[in-house]
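Enquirer: Got a sequence here, can you build the structure:
(chains A and B)
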Amino acid sequence: NAGVTQTPKFRVLKTGQSMTLLCAQDMNHEYMYWYRQDPGMGLRLIHYSVGEGTTAKGEVPDGYNVSRLKKQNFLLGLESAAPSQTSVYFCASGARAGDYNEQFFGPGTRLTVL
Amino acid sequence: RKEVEQDPGPFNVPEGATVAFNCTYSNSASQSFFWYRQDCRKEPKLLMSVYSSGNEDGRFTAQLNRASQYISLLIRDSKLSDSATYLCVVTLLANQAGTALIFGKGTTLSVSS
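Expert: Sure thing, here's the model as predicted:
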């Protein structure tokens, strides 16, 4: 049971390049999330998904797109990277269990945009 | 006003000390409350949920005061391994699909020998 995995772990892009971050979970969770973490800002929600084939915007969605074609995978895309997107990106997944809403996080992807 | 506010610290304490962190949240509709722990350059991990009745897990005690919109975490007999950033987290909707976590910026604890 690997939990939540993310690829790649590190990436350096030039302004204007595109890339896709992959998140995978093997816990059969319905809900998946993408967050970004910046110094002094805390974690902020980019997009989330409540099930296969569904996605929704979070607090800071601009410049990102997502897809959830399979239940276990949640992809985050940057179509045209900007230096402001330099950050650490965390994927998380969660299951419905009463009012206990624990989310499990992946190890993160450290992205630098030059 | 930020939705979830924490004193960033750092809190520098010796081993064996008792340390308390506080957190306030602005939305009175908040339903679920948690403390997450994040080690340097690692992902956040759930430390404990916080209930109105208060809850204890070993050396850790969490309290919630809904009237004051205030959450606390008490760590007794601090260990070197407690050094980390502690994130106060709330959700607006309990038991709802797609409920995202709202994070505070975290409080940094450094325990020294």
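Enquirer: where in chain B is pLDDT low?
Expert: The model of chain B has pLDDT under 70 over residues B:1-2, B:93-99.
Enquirer: Correct me if wrong: B:Tyr36 contacts B:Tyr86.
Expert: Yes. Here B:Tyr36 reaches B:Tyr86: they are 7.4 Å apart, a contact under C-beta atoms under 8 Å. For every residue, glycine as well, the C-beta is placed using N, CA and C.
Enquirer: Now do the shared contacts for these two.
Expert: Taking C-beta atoms under 8 Å, 6 or more residues apart in numbering or on different chains as the criterion, B:Tyr36 and B:Tyr86 both touch B:Leu47.
Enquirer: What is the helix or strand containing A:Tyr35 packed up against?
Expert: Using DSSP states H and E, the element containing A:Tyr35 is strand A:31-38. Judged by 3 or more C-beta pairs under 8 Å, 6 or more residues apart in numbering or on different chains; DSSP states H and E, strand A:31-38 is in contact with strand A:19-25, strand A:42-49, strand A:73-78, strand A:87-94.
Enquirer: Residue numbers of chain A in contact with chain B?
Expert: Counting by C-beta under 8 Å from any C-beta of the partner chain, chain A comes close to chain B at A:30-31, A:33, A:40-45, A:48-51, A:56, A:58, A:90, A:92, A:94, A:96, A:98-103, A:105-108.
Enquirer: Can you give me the pLDDT of the residue nearest the centre of chain A?
Expert: Geometric centre of chain A, nearest residue: A:Trp34, 2.7 Å, by C-alpha atoms, centre = their mean. Looking at A:Trp34, its pLDDT is 95.
Enquirer: same thing with A:Asn101?
Expert: A:Asn101 carries a pLDDT value of 67.
Enquirer: what's around B:Leu109, how many residues?
Expert: 21 (other C-beta atoms under 10 Å in any protein chain shown).
Enquirer: Quick check: B:Leu47 vs B:Thr91, distance?
Expert: 16 Å (C-beta to C-beta, to the nearest Å).
Enquirer: I should have written A:Thr5 there, sorry.
Expert: A:Thr5 sits at a distance of 24 Å from B:Thr91 (criterion: C-beta to C-beta).
Enquirer: Which residues does stretch A:36-50 contact?
Expert: Residues from elsewhere that reach stretch A:36-50 (C-beta under 8 Å, 6+ apart): A:30-35, A:55-61, A:64-66, A:68, A:74, A:76, A:87-90, A:108, B:4, B:44, B:87, B:97-98, B:100-101, B:103-106.
Enquirer: coming back round to it: quick one: which of A:Thr5 and B:Thr91 has more around it?
Expert: Of the pair A:Thr5 and B:Thr91, B:Thr91 is the one with more neighbours under other C-beta under 10 Å, namely 19 against 14.
Enquirer: For the more buried one, list each beta-bridge partner.
Expert: B:Ser32 (DSSP bridges).
Enquirer: Quick check, it in contact with B:Ser49.
Expert: No. Using C-beta under 8 Å, B:Thr91 makes no contact with B:Ser49, being 10.7 Å away.
Enquirer: Find residues that contact each of the two.
Expert: What both B:Thr91 and B:Ser49 touch, as defined by C-beta under 8 Å, 6+ apart, is the set B:32-33.
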